[in-house]
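In: What would the 3D arrangement of this be:
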Amino acid sequence: MSLIQDAARVRENAHAPYSGFKVGAAIRTVEGHVHLGCNVENVAYPEGTCAEAGAIAAMIAAGDKRIAEVAVIADCPAPVPPCGGCRQKLAEFASGDVVVTMATTAGARLQMTVAELLPGAFDAGYMVNADKDAP
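Out: Down below sits the predicted model:
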């Protein structure tokens with residue numbers, strides 16, 4: 001099964017009762033494991049969770065730390081890139097050359113690298129007291 005297919009499958013579980021905008025994400029780690037996430041809305045919109053953040057949380061919970069590939073899918077006219085917060089999260093756990101495939105349920109595809117999505121990403125190197133285990 002492809003990452004897009006995995007993302008499409010988990011998208012069906014998204015909880016988007018307010019916007020109706022269901023998103024699914026699949027991450028393949030450098031170890032070859034696949035982790036999935038879907039968006040979860042609540043009535044306080046900023047408190048919801050993006051699909052990419054959910055997949056990253058599942059990855060970390062499973063003990064993986066580095067992303068090798070990302071796929072995101074939504075039902076919209078054109079591929080939608082990750083939000084700014086998710087771009088930063090991806091940049092923290094993936095190298096700049098990692099490919100992010102953005103897809104629509106109608107079959108449109110757009111691929112960009114993490115560096116193209118977030119040039120000049122903030123990283124732990126800027127932190128004075130950075131944890132030695134930070135990615």
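
In: just for the protein, where's the confidence low?
Out: By pLDDT under 70, the weakly predicted segments of the chain are 126-135.

In: With Ala91 as the reference, measure out to the most centrally placed residue in it.
Out: With distances taken as C-alpha atoms, centre = their mean, the residue of the chain nearest its centroid is Glu52 (2.6 Å). Using C-beta to C-beta, to the nearest Å, one obtains 11 Å as the distance from Glu52 to Ala91. Using the backbone N, CA and C atoms, a C-beta is placed for each residue, glycine as well.

In: Please name the nearest non-neighbouring residue to the residue nearest to the centre of the chain.
Out: Of all residues not flanking Glu52 in the chain, Cys86 sits nearest, at 3.9 Å (C-beta to C-beta, 6 or more residues apart in numbering).

In: before we move on, the earlier item: residue contacts, the residue nearest to the centre of the chain?
Out: Glu52 sits next to Ala25, Ile27, Gly37, Val70, Val72, Pro82, Cys86, Lys89, Leu90 when contact means C-beta atoms under 8 Å, 6 or more residues apart in numbering.

In: Over to Leu36?
Out: Leu36 sits next to Asp6, Ala7, Arg9, Val10, Gly24, Ala25, Ala26, Ile27, Gly54, Ala55, Ala58 when contact means C-beta under 8 Å, 6+ apart.

In: just checking, the third one touches Gly24?
Out: Put plainly, it is Arg9. Yes: with contact defined as C-beta atoms under 8 Å, Arg9 reaches Gly24; the gap is 7.1 Å.

In: elements contacting whatever helix or strand Lys89 lives in?
Out: Counting by DSSP states H and E, the element that carries Lys89 is helix 84-93. Contact analysis of helix 84-93 by 3 or more C-beta pairs under 8 Å, 6 or more residues apart in numbering; DSSP states H and E lists helix 51-61, strand 67-74, helix 114-117 as its packing neighbours.

In: Would you mind finding the most buried of the ones you listed?
Out: Of all these, strand 67-74 carries the top mean neighbour count, a mean of 24, counting by mean count of other C-beta atoms under 10 Å.
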